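Asker: Kindly return the folded structure for what I paste below:
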Amino acid sequence: QVQLVESGGGLVQAGDSLRLSCAASGRTFGSYAMGWFRQAPGKEREFVAAISWSGDSTYYADSVKGRFTISRDNAKNTVYLQMNSLKPEDTAVYYCAADRSGHRGTPARDDEYDYWGQGTQVTVSS
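Answerer: Residues are numbered from 1 along each chain as shown. Predicted coordinates for the structure are as follows:
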């Protein structure tokens, strides 16, 4: 079992930056692909970014490409989401997720992930 705990959310203004962190328990973190998803009020959860187990491959939703950067530190069992040039439409609860299969590269569907955190709120005011 893997436990994921997100942190770093908050209230910011449009154009500001935030860095989200997701700390994972367990010794197998380094073999998991990791992803970030978000869910805005009244909307379905959507894919944001993913990173392969090695960190060599990343994949982004078009809506965040060029503004967000996903990274990981396997020595610290942590994955990050650096969010720059934030927009009001980025307001959502952000979730990190872990894919234990080890062979999907950078999965973008939520049904490809096995473990989920509780989420952290990001609010961007205009």
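
Asker: helix, strand or coil for the most centrally placed residue in the chain?
Answerer: For the chain, the residue nearest the mean C-alpha position is W36 (2.2 Å; C-alpha atoms, centre = their mean). Three-state call for W36 (DSSP: H, G, I helix; E, B strand; the rest coil): strand.

Asker: How about the contacts made by it?
Answerer: Applying C-beta atoms under 8 Å, 6 or more residues apart in numbering to W36 gives the contacts L20, C22, V48, A49, A50, I70, V79, L81, Y94, Y95, C96, A97. Quick note: C-beta positions are derived from backbone N, CA and C, even for glycine.

Asker: so what's it closest to, chain neighbours aside?
Answerer: For W36, ignoring the flanking residues on the chain, the nearest one in space by C-beta to C-beta, 6 or more residues apart in numbering is V48 at 4.3 Å.

Asker: State the number of residues packed around the one you found.
Answerer: For V48, the count of nearby residues is 25 (other C-beta atoms under 10 Å).

Asker: Am I right that it is in contact with Y59?
Answerer: No. V48 is not in contact with Y59 according to C-beta atoms under 8 Å; the separation is 9.9 Å.

Asker: So the residue nearest to D114 when sequence neighbours are not counted versus M34, what's the distance?
Answerer: In space, and not counting its chain neighbours, D114 is closest to R100: 4.8 Å by C-beta to C-beta, 6+ apart. In this view, R100 and M34 are 11 Å apart by C-beta to C-beta, to the nearest Å.

Asker: Need the contacts of W36 in JSON lines (columns: secondary structure and distance to F29).
Answerer: Output for the contacts of W36, formatted as JSON lines (DSSP: H, G, I helix; E, B strand; the rest coil; distance: C-beta to C-beta, whole Å):
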{"residue": "L20", "secondary structure": "strand", "distance to F29": "16"}
{"residue": "C22", "secondary structure": "strand", "distance to F29": "10"}
{"residue": "V48", "secondary structure": "strand", "distance to F29": "19"}
{"residue": "A49", "secondary structure": "strand", "distance to F29": "17"}
{"residue": "A50", "secondary structure": "strand", "distance to F29": "15"}
{"residue": "I70", "secondary structure": "strand", "distance to F29": "15"}
{"residue": "V79", "secondary structure": "strand", "distance to F29": "9"}
{"residue": "L81", "secondary structure": "strand", "distance to F29": "16"}
{"residue": "Y94", "secondary structure": "strand", "distance to F29": "19"}
{"residue": "Y95", "secondary structure": "strand", "distance to F29": "16"}
{"residue": "C96", "secondary structure": "strand", "distance to F29": "11"}
{"residue": "A97", "secondary structure": "strand", "distance to F29": "13"}
